[in-house]
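[1] Below is the sequence, then the predicted model.
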Amino acid sequence: MTVVLCSIMLVVFFAVMIFVGFYTRKHATDVTGFVLGGRSVGPWLTAFAFGTSYFSAVIFVGYAGQFGWNFGLASTWAGLGNAFIGSLLAWNVLGRRTRVMTQHVDAKTMPDFFGKRFNSTPLKVAASVIVFIFLIPYTASLYNGLSSLFGLVFDIPYWVVIAVMAVLTGFYVIFGGYMATAINDFIQGIIMLFGICAIIGAVLMDNGGLLQATKSLAKVTGDAGWEGAYTAFLGPDPLALLFVVILTSLGTWGLPQMVGKFYAIKSEKDIHKGTVISTVFAIIVAGGCYFLGGFGRLYSDKIAINEATGKPLFDTIIPTMLSTLPAIVVAVVIVLVLSASMSTLSSLVLTSSSTFTLDVIKPASKKEMSDKKQVTIMRLFIVFFILVSAIIAIFKDAHPEVTFIAQMMGVSWGALAGAFLAPFLYGLYWKGVTKAATIVCFIWGCGIAVVQLVITLAGIDTTGWGTVLSYLFKSSINSGVVAMVGGLIIVPIISLFTKKQDQKELDDLFECYEEKTEAVAKEHLK
């Protein structure tokens, strides 16, 4: 019964995705249409595109299981941080200014923004290289957890699951570009909203309801060693939880695939609506995922253990929780996780291909490139990036002893956010940011990530580095926060002592914020 239900739902799901790809192909005939949907995307599509790019299967299967196990119900704070810092505050702080300035300078990607904001082609190329190096392993991580979930229902090889997801995603992104991605993200987002609510309800009922499940969790001592640790307000380790909240919430401000959504939104009123929609979406999906993961220790007797570390295999926690649920719920979960993975994958490969084409290939080309040729090249790179990410995921599954890939995935988020967040944020608001400060931040963010990678791969003992340094490099989560927060401090300090940009250039850049616009009274006060 479960196999039949899942098969039917997947066939319908795939058919809708393919139809959307064909339907939107007319929007993808030029560069602006293919990359940004013609900068005319409404609030619902933009907000759902933002949310579904934010919350992938990595969140639902990996992070929800891992952080729920470590912090219990307090892991819900991570979801709320994602909603109020990663969504609400991000839209309010970045949304309008990003849309206005990127349109003013005709920037279509984040590296393109850096190049035009600081009048530096080398800076644009450097940012593109960083995106290329760190976005590919992040893309490959989106397949994590799919094998264990599909294993609940289908007896098929993992590589088949990856191949189907990769081919289908590539199909609709290649045909329809950003608009196909946005519409499919909206559909996938609706599935995620209803799916997470249904799953939470089913898991709680399976444990006697919310009150009984919470009582049972309160009796678990686990690694904390004291009863009530996993139902406590801030959990057993508040400081570690804070680092998780900062990384997963503030980090989105510097990720190219997230910020790119603000480039394409249609109007002022759409930003207001999109802010509300995106925040509510994040509260339900992210808050729901982490809340669900908080009950993971109720299944400790069934969860697979990593023999090398003695800790649970975190990617198996959520699938284990779902294994006893009714067939219809399992079918919803399969489609939900596939939706979450595909929506983020489509956003990442579109970002990677457009960045590499517009910021590396086009500037290096000696001949003038038409819009049609640029779109063709982007489509070829979409195929390339999807193929590479799928091969990495399959190789990683077949060779778990190759730890470099897994660790590269872990540091990708911190490296990108650490390198880009500070110069992008300050660059929108402050004329005093310098090119030198931006270069230093690029080096800082990537450097911290490389140091963390070396420490983890080489098994370096950091206890002799002192209490603070030892803690800050304890994991890629902690070092990612160091990279981001450090960048926010470094950029203004370096900017004070380095060569300023030409004043006329700055005035021309920032005049877009002073342009007079007319609006009805219900939308803007006099």
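    Great, that's in hand. Residues are numbered from 1 along each chain as shown.
[2] CA atoms for contacts and neighbours, from now on please.
    Noted.
[3] so where is this protein shaky, pLDDT-wise?
    Scanning the chain with the threshold set as pLDDT under 70 gives 1-2, 144-149, 151-153, 308-309, 401-406, 517-526.
[4] Centroid-nearest residue for it?
    Nearest to the geometric centre of the chain sits residue 54, at 3.9 Å (CA atoms, centre = their mean).
[5] That one touches residue 344, doesn't it?
    Yes. Counting by CA atoms under 8 Å, residue 54 touches residue 344, with 7.0 Å between them.
[6] could you dump the strand or helix carrying residue 100 to CSV, C-alpha only?
    Assigned by DSSP states H and E, residue 100 belongs to helix 96-104. Written as CSV, here are the backbone C-alpha positions of helix 96-104 (Å, rounded to 0.1, in the frame of the first residue of the first chain):
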residue,chain,number,x,y,z
ARG,A,96,14.7,46.8,-0.6
ARG,A,97,18.3,48.0,-0.8
THR,A,98,19.4,44.9,-2.7
ARG,A,99,16.6,45.3,-5.2
VAL,A,100,17.2,49.0,-5.8
MET,A,101,21.1,49.0,-6.1
THR,A,102,21.4,45.8,-8.1
GLN,A,103,18.9,47.1,-10.6
HIS,A,104,20.7,50.5,-10.7
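[7] For the following helix or strand past that helix, which residues meet the burial criterion?
    Where DSSP H and E defines the elements, the next helix or strand beyond helix 96-104 is helix 110-117. Using 16 or more other CA atoms under 10 Å as the burial criterion, the residues of helix 110-117 that qualify are 110-117.
[8] which residues are contacting helix 110-117?
    Contact partners of helix 110-117, identified using CA atoms under 8 Å, 6 or more residues apart in numbering, comprise 102, 105, 107, 120-128, 256, 259-260, 355, 358-359, 424, 427, 509.
[9] So which of those residues sit within helices?
    Among these, the members found in helices (DSSP state H) are 102, 121-128, 256, 259-260, 355, 424, 427, 509.
[10] of all those, which comes closest to residue 27?
    residue 260 (17.5 Å; CA to CA).
[11] Distance check, the closest one against residue 203.
    36 Å (CA to CA, to the nearest Å).
[12] Ramachandran angles for residue 155?
    When read as degrees, to the nearest 10, the backbone of residue 155 gives phi -100, psi 70.
[13] Ok, residue 41 next?
    Dihedral angles (degrees, to the nearest 10) for residue 41: phi -90, psi 130.
[14] Report how many residues lie close to it.
    Under the neighbour criterion other CA atoms under 10 Å, residue 41 is assigned a count of 23.
[15] ditto for residue 358
    Residues lying near residue 358 (other CA under 10 Å) number 23.
[16] For residue 168, which three-state class applies?
    Secondary structure, DSSP: H, G, I helix; E, B strand; the rest coil: residue 168 is helix.
[17] Wait, it touches residue 13, no?
    No. Using CA under 8 Å, residue 168 is not in contact with residue 13, being 10.5 Å away.
[18] follow-up on the earlier one: for the residue nearest to the centre of the chain, which residues are in contact?
    Going by CA under 8 Å, 6+ apart, residue 54 touches 252, 258, 344.
[19] next one: residue 487
    Residue 487 sits next to 418-419, 421-422, 441, 444-445 when contact means CA under 8 Å, 6+ apart.
[20] Which of those residues ranks first by neighbour count?
    Within the contacts of residue 487, most neighbours by other CA under 10 Å means residue 418, with 35 neighbours.
[21] what about residue 372, helix or strand, and which?
    Secondary structure assignment for residue 372, by DSSP H and E: helix 371-398.
[22] which helices and strands sit right next to that helix?
    Where contact means 3 or more CA pairs under 8 Å, 6 or more residues apart in numbering; DSSP states H and E, helix 371-398 is packed against helix 31-36, helix 121-140, helix 158-206, helix 327-356, helix 403-429.
[23] Buried ones in it, by neighbour count?
    For helix 371-398, by 16+ other CA under 10 Å, it's 374-379, 381-383, 385-394, 396-397.
[24] Once you drop chain neighbours, what's closest to residue 100?
    Nearest residue to residue 100, sequence neighbours excluded (CA to CA, 6 or more residues apart in numbering): residue 512, at 6.7 Å.
[25] From residue 265, how far off is that neighbour?
    Distance from residue 512 to residue 265, by CA to CA: 17 Å.
[26] Show me which of these two is the more surrounded one.
    Taking neighbours as other CA under 10 Å, residue 512 and residue 265 compare with residue 265 leading, 27 against 16.
[27] and the gap between the more buried one and residue 40?
    6 Å.
[28] Residue 474 now?
    44 Å.
[29] Same question for residue 508.
    Separation of residue 508 from residue 40 (CA to CA): 24 Å.
[30] just residue 327 next, same as before
    41 Å.
[31] Residue 233 and residue 74 touch, don't they?
    Yes. Using CA under 8 Å, residue 233 makes contact with residue 74 at a distance of 5.9 Å.
[32] JSON lines for the contacts of residue 54, including distance to residue 158 and neighbour count?
    Below are the contacts of residue 54 laid out as JSON lines (distance: CA to CA, whole Å; neighbours: other CA atoms under 10 Å):
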{"residue": "252", "distance to residue 158": "30", "neighbour count": "25"}
{"residue": "258", "distance to residue 158": "29", "neighbour count": "24"}
{"residue": "344", "distance to residue 158": "19", "neighbour count": "28"}
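[33] How about residues contacting the helix or strand harbouring residue 78?
    Element membership for residue 78 (DSSP H and E) is helix 76-83. For helix 76-83, contacts defined as CA under 8 Å, 6+ apart pick out 241, 244-246, 248-250, 278-283, 285-291, 294.
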